[in-house]
Structures are given as structure tokens and as C-alpha cells.
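Peer 1: give the three-dimensional model of this entry:
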Amino acid sequence: MATESIQDAKSRVTTAVLLGAPNAGKTSLYNHLTGSRYKTVNYPGATVEFSVGKLRADGRPRAAVPGASCHAPQPGVVVEPGDFLVLDTPGIVSLVPRTADERVALAALSRTGALVAGAGETPDVVVVVLDATQPGRHLPLVRQVLRAGFPAVVALTMNDLARSRGRALDPDRLSRSLTVPVAEVDGRTGAGLAELVSCIEAVAGASEPGPRNLPESASEDSIRADFRWADALVAEQLGGEQVREKGSRVDRLVLHPVLGLVVFVLVMTGLFWSVFSAAQPLMDLVGAGFKFLGDQAGALLPEGWIRGLVVDGVIAGGGSVFTFVPQIAILFLLLGILEDSGYLARGAMLVDRFLEAIGLNGKSFVPLLSGNACAIPAAMAARTIPGRRERLLTLLVVPLMSCSARLPVWGLLLGFLVPADRTWLGGLALAGIYVASLAMASAVAVVGGRILRIEPSKTGFQVELPLWRPPTFRTVVVSTWDRTVSYLKRAGLTILGVSVGFWLLMNLPSPEHSAAMVVGHWITPFLTPMGLDWRVGVALVAAFAAREVFVSALAVVFSVQAAEGDDKGILDAMRAATFDGTHLPVFTTSSILGLVVFFLISLQCMTTVAVMRRETSDRFAFGQMAAFLVLAWVLAVVVVQGLRAVGVA
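Peer 2: Numbers count the residues shown, from 1 in each chain. As a prediction, the model looks like this:
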């Protein structure tokens, strides 16, 4: 059937909203129900917008429908009449919202028709996802949904883990107590999905439009009453008094105020050491592949500007960055293992006291951690922070986290400093860079807190710790693959486009008097104190498109300026580079460390600036970019000149 605007259709869209506490397994369930592959992580706060997908038909995944954020709802989604849509929402513990992400979830309940074209004003069925390992904490939300008058189904997740501890819930018995259908499902394997879909379709088919009474506020007495009801129900289901379980032996170690920090530092150091060291053989293989590709293209193409564009612009420029993709993939893999095991949720609790001391709290941990992959989802994850002061401070320091776009830059600069036979030194140096980024973020948070002059919130920090579990191989590998491919899609066209454009700027009107050279000489006064020349300067300008472009731009510069037949790699070209008309090397220990400091602080990703504008204001976003660029330049100059003053070249 051809698609048409749902407003012109005779039958409207049916909707099911997934609702539940953070980390209850909503997104995993959504992926199974819709055939999507959204990233799921094992700590609260991973979902900050809602996603919309079509319910699977006959076991086959159907195409996802664009979702909407709380800032930019997208009415007018074009779907087929009669479609059954599933909405995934951020985690909530109550129908009374406190944070921006919780308001997104409540909007899906109260304004479904405004957010998804063709849907009713409220969903046809609410699927409350209930974590069987923590029923006493999650059942109050079920009660609130039923009290508000929504047709509901309960999806019972993680009952296999509860069963291993002798505390499994009986779905049939729980269904009789709640008077709604209950289906046990496994979010990892999809077991029980058919029964859940049958329940959803049955309840949605029988639901009728009617008033839904969402609470505007909740008193302490009503909250206590809901939890007393939940405890009594769990005691009835399990045949005894509800017992709050004590932490495991592992938790007593990793959450210890002293030993836990030692473990945290060791884990993070091991992670970043592995990123640098384990990736080297794969990087050599990728680099050799691009060199072979460049040699073949150079031999096949006739001499002229086309060969120069393809070999020096596309292959040399793009290959110089893609060589570092193994490092990025290994970072995603190791973070996935830590996420899936449940360790990162403990990390949030562990660093809460430290974050509180600099004006943040444990809820800032998730955005800051996400910033090590990309600042864009990290900025969106800050919506989970209820206090305005903490949220703005978190957004202020998120760009200081060393994102994956910086990894090619770190790989290049550390590759220059570290001997090829001592990659373990590079691993430790990379870990040191990440520690330095945390230290810088802490200092900026302290200063920024005073500048913002906003009173700290008194919301405190609470987090539900997921059970320890061995990472699922398929989940981690698929997640790593998806994140790496997403990086290549996001950065690949930018890198290739900038490489081609940069090659043209290096050759027009002529290589000896190119536009890039004119720009480079114009900004030379700013580069000289950093110990750099115009070639590095124009690469820094190109990096405003994306930080990793610095590597490809530098590779293009050296490829264009190389003599005929000179096929030195970028590291060899850097070691041979001298200031024009002299024998003084451009790249030295001091200038390289200055570049490390510059990239550690500077905000050169314009996409991040655009997201910051959306999340805050023009004044905040552009002020942040300018302040970080000035701070980066000043500290880089201090490092370079300071090292030279003590005799370090």
C-alpha cells in the first residue's frame, strides 16, 4: 500500500508507549519489538529522547519512523494507515516529572497525537517495563499508570536473574493481583516476545478513548503509600516479607571510598592503554592498505591534477584518519564491556562525592562518560540532570572530555613522541591525556560555577545499581560495530570532503602561491608562540569542520609539498619538516606537547556548538567556543615557552 498522510486516512495509527524506570530494559525491548538497533547501555540516563518505530509484522522488522525530541517535535510523520507504532521513552520513576528527559516521557503519554501524526491524544496501550530484580522500587509506577486510567500491559524483564537468586515473580499470579496482562520477556534474547505482542495487541484493540488523569504533583504521603503497597504486593508474590538485599562482595570493593577509586583508576588506565597498544597491528594493516591503494592509483592515473587530487587529496588525506579507526573501535568495544557488565553505573556512584565537590553530582557522570565517545549525545544526556546549575556546568565541561574524534589526533601526536617499539608508553601517555581532560574539566567547573552564580540544587543523587552480569558477546560486538560504522558515516564524508577542498586550496592558483598558504601566513603571528608554522595553522583551521580533519589536512599539506616520488608517511614527513628557509624543525617535543594541550581544550567541532545552541542559548554556545579557544591558545603557549625555557626543545 502506498504511503499517505495519516490525516487523510480512514483508519488512525495505533500507539503503544514503553514506560519504566531507568535501566529497566525499555530500549532493548523496543529494539526487539521494532527490529531497530538503538544503542542500549547498562546504566541509567541512556535514553533522553523518544524513538518511534513500527511494530514487527509476521516476525519481520519494519522500517523505523523518525522520532521527536522535547525541543523539536515532528508532527506530520507520514505512515501507512492502520500502522501500529511503538514509542520508546526515557526512564522515569514517577508520573510527576522533575527533569527534561522525564518531561519527554510524560509528553508521550499526554500529547501522543501532537507528537506522532495520526495517533490518538493518548496512547492505546502503555507497556510498563518492570525489572523483576527490583520490583519494590518499580511497582509504584505501575500503580500510578493504572490509577491514571491508561490501558496497560506489564513487561516483566530480568526475571531470569531474579530466578537465579530464588526471587522470581510468577507472571500469572502477578497479573491476577494487578488485573492487567503480564508477560515475561528477555530483553537480551527476545524470549517471550510473541506473548508480549499478543498482550499489547489485545489490550490496544479493546481500549477506548477516555479521560487520563495524570497527576500534577505527588505528596510525600502518597509516595510512601505507593511504596508500602509495592512492598506488600512483593511480599505476597514471594511468600514472605520484602527484604532489601545487601550489596555483593564485589560492590563492597568497587564502591569502597578508597579501594574503589584505586580500582576505577586501574580500570580506566588499562582501558586507554589497551586502546593505544592493542590497536597498533591493525593500524599498521590499514595504513599499508591505503599506501597500496595510493600506489596503485598513482600508477594507473596519468600525471596531472586528477592524479594529485585522488592520490594526495582523497587517499592520503582520508587514509591518514581512517588508519586510526581500530583505536576508535577498541575504545567502543571496551566501553561496551564495562557498560554491559554493570560497572559504569557503579562508577557514577563512586565519583558522586568528587563531582559534588566541583559543583556537579553523580548524574553528570553519564554525560561526561558519553563525552569520551562524542560530545553531541553527551550534551543531550545532560537533560537527565534536574538542577539547572548542575546541568549548565555539565554542558560547559562536556566538550573537554576527550571524544573519539580526538583519538586520531592523539594517535598522531603520541606516535611522533613515542618510539615504535615502546607502544606501552603511548598507552600510558593516552591514559594521562584522559586524566588531564578530567582535571581540566574539574577546574573549569569550579570557575564556571562561580561565574554562573546559580544556587546549587538540593535534589541529591540516587541511582539504581544493575546486577553484575557477564557481558553478552553478541550485544557488545554488535554495539561496537554499530558505533564504529556510525562514526565512519558521520566523519567519513566530512573527512573526504575537507581533504578534497583542502587539496584544492593547497594548489590554487598554484602550489607556490596557494590560497591555503595565504591564510597560513596571515595567522602565523598566532602560531609562532606555539612553535608552529603556517602548515600546521591551516590544518588547525580545517579542524573546525571536525577535529580529526587536522590529521587529514596535515597529510594533504605534506603530500602536496612532497617531491615527486617521495612517499614518506605523515610521521616521517613531520620529522623532516622545517621552518621555511631554515633547518629548524617544526615538530619538537615542546611543540607537540603544546598541540596536545591545545586539542585538549579547544572547541573546534561546529556540530557540537550547534547542539549547545539548541540545548542552551547562542550566548552560552558561542561564548563557550571562544573562551575554550582562547584558553587553549594561552595554555599551549605557556607549555611551549615554559619547556623551551628549561631546555626542552
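
Peer 1: show me what contacts residue 418?
Peer 2: Residue 418 makes contact with 425-426, 429, according to Cβ atoms under 8 Å, 6 or more residues apart in numbering. For every residue, glycine as well, the C-beta is placed using N, CA and C.

Peer 1: who wins for neighbours among these?
Peer 2: When neighbours are counted by other Cβ atoms under 10 Å, residue 426 leads these with 23 neighbours.

Peer 1: quick one: it from residue 401, how far?
Peer 2: Distance, residue 426 to residue 401, by Cβ to Cβ, to the nearest Å: 20 Å.

Peer 1: do the same with residue 95
Peer 2: Taken as Cβ to Cβ, the span from residue 95 to residue 401 is 33 Å.

Peer 1: cool, and residue 640?
Peer 2: To residue 401, residue 640 is 24 Å away according to Cβ to Cβ.

Peer 1: out of the two, which sits in the busier spot?
Peer 2: The residue with more neighbours, out of residue 640 and residue 401, is residue 640; 25 against 22, by other Cβ under 10 Å.

Peer 1: buried residues, stretch 154-169. List them.
Peer 2: The neighbour-count check on stretch 154-169 (16 or more other Cβ atoms under 10 Å) flags 154-162, 167-169 as buried.

Peer 1: on that earlier part again, closest one to residue 412 out of the contacts of residue 418, please.
Peer 2: Nearest to residue 412 out of these is residue 426 (Cβ to Cβ; 11.2 Å).

Peer 1: so which strand or helix has that closest one?
Peer 2: Using DSSP states H and E, residue 426 maps to helix 423-452.

Peer 1: show me what secondary structure element comes after that helix.
Peer 2: helix 473-507.

Peer 1: now do the helices in the stretch 301-450 of the chain.
Peer 2: 305-308, 316-322, 325-341, 343-350, 352-357, 365-370, 375-381, 388-397, 407-417, 423-452 (DSSP state H, counting those that start in this stretch).

Peer 1: of these, which is nearest residue 20?
Peer 2: The closest of those to residue 20 is helix 343-350. By Cβ to Cβ, the value is 16.0 Å.

Peer 1: helix 325-341 and that closest one, what's the angle between them?
Peer 2: Taking axes from the mean of the first three to the mean of the last three Cα atoms, to 10 degrees, one finds helix 343-350 and helix 325-341 inclined to each other by 70 degrees.

Peer 1: can you name every helix or strand that helix 343-350 contacts?
Peer 2: helix 249-254, helix 259-278, helix 365-370 (3 or more Cβ pairs under 8 Å, 6 or more residues apart in numbering; DSSP states H and E).

Peer 1: hmm, back to that, in helices, which of the buried residues of stretch 154-169 appear?
Peer 2: Under the assignment DSSP state H, the buried residues of stretch 154-169 contribute 159-162 to helices.

Peer 1: quick revisit: out of the buried residues of stretch 154-169, which one has the weakest pLDDT?
Peer 2: Minimum pLDDT for these is recorded at residue 161 (84).

Peer 1: give the residue spans of the stretch 101-250 of the chain that score low on pLDDT.
Peer 2: 101, 240-248 (pLDDT under 70).

Peer 1: now the helices of the stretch 301-450 of the chain in a markdown table, with mean pLDDT and distance to residue 239?
Peer 2: Listed next are these as a markdown table, based on pLDDT from 0 to 100; distance: least, Cβ to Cβ, whole Å:
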| stretch | mean pLDDT | distance to residue 239 |
| --- | --- | --- |
| helix 305-308 | 87 | 78 |
| helix 316-322 | 84 | 59 |
| helix 325-341 | 84 | 32 |
| helix 343-350 | 75 | 30 |
| helix 352-357 | 76 | 36 |
| helix 365-370 | 76 | 37 |
| helix 375-381 | 80 | 40 |
| helix 388-397 | 87 | 43 |
| helix 407-417 | 92 | 53 |
| helix 423-452 | 85 | 48 |
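
Peer 1: and the helix or strand residue 130 falls within, which strands flank it?
Peer 2: Following DSSP H and E, one finds residue 130 within strand 125-131. Here strand 125-131 is paired, per DSSP bridges, with strand 14-20 (parallel), strand 152-157 (parallel).

Peer 1: so residue 305 touches residue 507, yeah?
Peer 2: Yes: counting by Cβ atoms under 8 Å, a contact exists between residue 305 and residue 507, whose distance comes to 7.0 Å.

Peer 1: who has more neighbours, those two?
Peer 2: Using other Cβ under 10 Å, the more surrounded residue of residue 305 and residue 507 is residue 507, with 20 against 12.

Peer 1: could you give the number of residues near the closest residue to the more buried one other than its chain neighbours?
Peer 2: Residue nearest to residue 507 in three dimensions, not counting chain neighbours: residue 514, with 6.1 Å by Cβ to Cβ, 6 or more residues apart in numbering. Residue 514 has 20 neighbours, counted by other Cβ under 10 Å.

Peer 1: now swap in residue 284 and tell me
Peer 2: 13.

Peer 1: and for residue 510, the neighbour number?
Peer 2: By the measure other Cβ under 10 Å, the count of residues near residue 510 is 8.

Peer 1: re the thing from before, need the strands paired with strand 125-131 in a markdown table (columns: distance to residue 434).
Peer 2: Listed next are the strands paired with strand 125-131 as a markdown table, based on distance: least, Cβ to Cβ, whole Å:
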| stretch | distance to residue 434 |
| --- | --- |
| strand 14-20 | 33 |
| strand 152-157 | 34 |
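
Peer 1: wait, which of these is closest to residue 227?
Peer 2: Across the strands paired with strand 125-131, closest to residue 227 is strand 14-20 (Cβ to Cβ), at 16.5 Å.

Peer 1: name the next helix or strand downstream of the closest one, please.
Peer 2: helix 26-34.

Peer 1: give the next helix or strand downstream of that next one.
Peer 2: Next along from helix 26-34, by DSSP H and E: strand 50-54.

Peer 1: before we move on, the earlier item: ok, of the buried residues of stretch 154-169, which one's closest to residue 420?
Peer 2: Of those, the one sitting nearest to residue 420 (Cβ to Cβ) turns out to be residue 161, at 46.4 Å.
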